[in-house]
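coordinates only, no sequence provided:
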């Protein structure tokens, strides 16, 4: 049920007609930056602040 070659070609032609050739590089750059930021956000672990504070305090105690 994936997109075939013809469907992708039609979508690209519609995008080209709507936005024009001059805007496509800007759209691509924006899409790339958005995906990059999304991947970075997914890669970060959601830790509560108290857990981070506990780790930093235990590090200080081991160094002292």
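Okay, I see it. Predicted model only: the values in this text are computed from it and were never measured.

can you show me the strands along the chain?
Shown for the chain, no strands are assigned by DSSP state E.

check it for its longest helix and report it.
Longest helix of the chain, by residue count under DSSP state H: helix 24-43.

tell me the average confidence for that helix?
If you average the pLDDT over helix 24-43, you get 91.

quick one: contacts of that helix?
Contacts to helix 24-43, defined as C-beta atoms under 8 Å, 6 or more residues apart in numbering, come from residues 15, 16, 19. C-beta here means a position set from N, CA and C on the backbone, and glycine is covered the same way.

next step: these restricted to helices.
15, 16, 19.

just send those back as a markdown table, with neighbour count, distance to residue 3 and pLDDT too.
Formatted as a markdown table, the ones in helices among the contacts of helix 24-43 follow (neighbours: other C-beta atoms under 10 Å; distance: C-beta to C-beta, whole Å; pLDDT from 0 to 100):
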| residue | neighbour count | distance to residue 3 | pLDDT |
| --- | --- | --- | --- |
| 15 | 13 | 14 | 88 |
| 16 | 12 | 17 | 89 |
| 19 | 12 | 20 | 85 |
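
next, format those residues as CSV and append distance to residue 30.
Formatted as CSV, the ones in helices among the contacts of helix 24-43 follow (distance: C-beta to C-beta, whole Å):
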residue, distance to residue 30
15, 13
16, 16
19, 12
